[in-house]
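> Next input, structure requested:
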Amino acid sequence: MSKWAIILLVCSLEAKTCMPPIQLPTQFNDSYDCMVRGYNESLRTIQEIGRENVNRDGIYIKFVCERIEVI
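Numbers count the residues shown, from 1 in each chain. I've put the predicted structure just below:
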């Protein structure tokens, strides 16, 4: 049986690097639900990091919804 998982990457334009990937614990039954949650989590994370840090460090978020096999 397969599910979908969100993998978030928090990156910095200034440092030209990304933090290690973060797999969120929630799993989804389809790609659509995973994508909607991925955009919401990206927005929440950017807001949590804050305007000053985002602007200073050029922070941006990338995410992917990846199919995973579950037992």
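> helix or strand right after the longest helix along the chain?
Using DSSP state H to define each element, the chain has its longest helix at helix 31-49. Next along the chain after helix 31-49, taking DSSP states H and E as the criterion, comes helix 51-57.
> Does anything pack onto that next one? Which helices or strands?
Using 3 or more Cβ pairs under 8 Å, 6 or more residues apart in numbering; DSSP states H and E as the contact test, no helix or strand touches helix 51-57. In short, each C-beta sits where N, CA and C put it, glycine included.
> which secondary structure elements does the longest helix of the chain contact?
So helix 31-49, by 3+ Cβ pairs under 8 Å, 6+ apart, packs with strand 2-12, strand 22-28, strand 59-69.
> Deepest-packed of the ones you listed, please.
strand 2-12 (a mean of 17; mean count of other Cβ atoms under 10 Å).
> Partner strands of the next helix or strand after it and their direction?
Later in the chain than strand 2-12, the nearest helix or strand by DSSP H and E is strand 17-18. Under the criterion DSSP bridges, strand 17-18 sits next to strand 2-12 (antiparallel) in its sheet.
> CSV for the helices and strands packed on helix 31-49, including mean pLDDT?
Below are those laid out as CSV (pLDDT from 0 to 100):
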stretch, mean pLDDT
strand 2-12, 97
strand 22-28, 95
strand 59-69, 97
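> Export the ones you listed to a markdown table and append columns for distance to residue 44.
Output for the helices and strands packed on helix 31-49, formatted as a markdown table (distance: least, Cβ to Cβ, whole Å):
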| stretch | distance to residue 44 |
| --- | --- |
| strand 2-12 | 10 |
| strand 22-28 | 11 |
| strand 59-69 | 10 |
